[in-house]
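Enquirer: Provided below are the primary sequence and the corresponding predicted coordinates.
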Amino acid sequence: METLKDKKIQPFFEKGLSVKVETEILLPGSRVCRPDRVILNGNKAIVIDFKTGVRKENYKEQLNDYAQALMGMGYSSVEKYLVYIDETSVEEVV
């Protein structure tokens with residue numbers, strides 16, 4: 001996969017990381033979300049969602065929901081990334 005060769009994304013696939021893939025997280029209102037990839041390191045988390053097709057603003061909202069849920073679980077720092085497979089690009093969501 002060409003996207004995985006991007007220098008921004010390579011560190012998220014290094015050996016030895018504590019990774020959760022499509023693990024369910026409970027959101028407020030009893031909603032459940034399944035981020036594509038969450039990397040955990042102490043009190044820090046990195047959440048990554050892979051997308052195809054056209055960029056949509058609600059993708060950022062979705063990542064922000066994931067981050068809020070992780071912060072509610074005690075992670076004090078959450079980085080958020082959208083990886084667009086078709087474009088071979090990585091976007092940090094701030």
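Expert: Thanks, I have the structure now. A quick note: this is a predicted structure, and the numbers were derived from the prediction, not measured.
Enquirer: quick one: the worst-scoring helix or strand of the chain on mean pLDDT to chain centroid distance?
Expert: Least confident helix or strand, the chain: strand 25-27 with a mean of 82, by mean pLDDT, DSSP states H and E. Counting by C-alpha atoms, centre = their mean, to the nearest Å, strand 25-27 is centred 14 Å from the centre of its parent chain.
Enquirer: What is the subsequent helix or strand relative to that strand?
Expert: strand 31-33 (DSSP states H and E).
Enquirer: In terms of secondary structure, what does the least confident helix or strand of the chain contact?
Expert: With contacts defined as 3 or more C-beta pairs under 8 Å, 6 or more residues apart in numbering; DSSP states H and E, strand 25-27 has these neighbours: strand 31-33, helix 57-72. Any C-beta I mention is one placed from the backbone N, CA and C, and that applies to glycine too.
Enquirer: The helix or strand just after the shortest one pairs with which strands?
Expert: The one in question is strand 31-33. Downstream of strand 31-33, the next assigned helix or strand under DSSP H and E is strand 37-41. If you go by DSSP bridges, strand 37-41 pairs up with strand 18-21 (antiparallel), strand 44-51 (antiparallel).
Enquirer: could you check the angle helix 57-72 makes with strand 37-41?
Expert: 30 degrees (axes from the mean of the first three to the mean of the last three C-alpha atoms, to 10 degrees).
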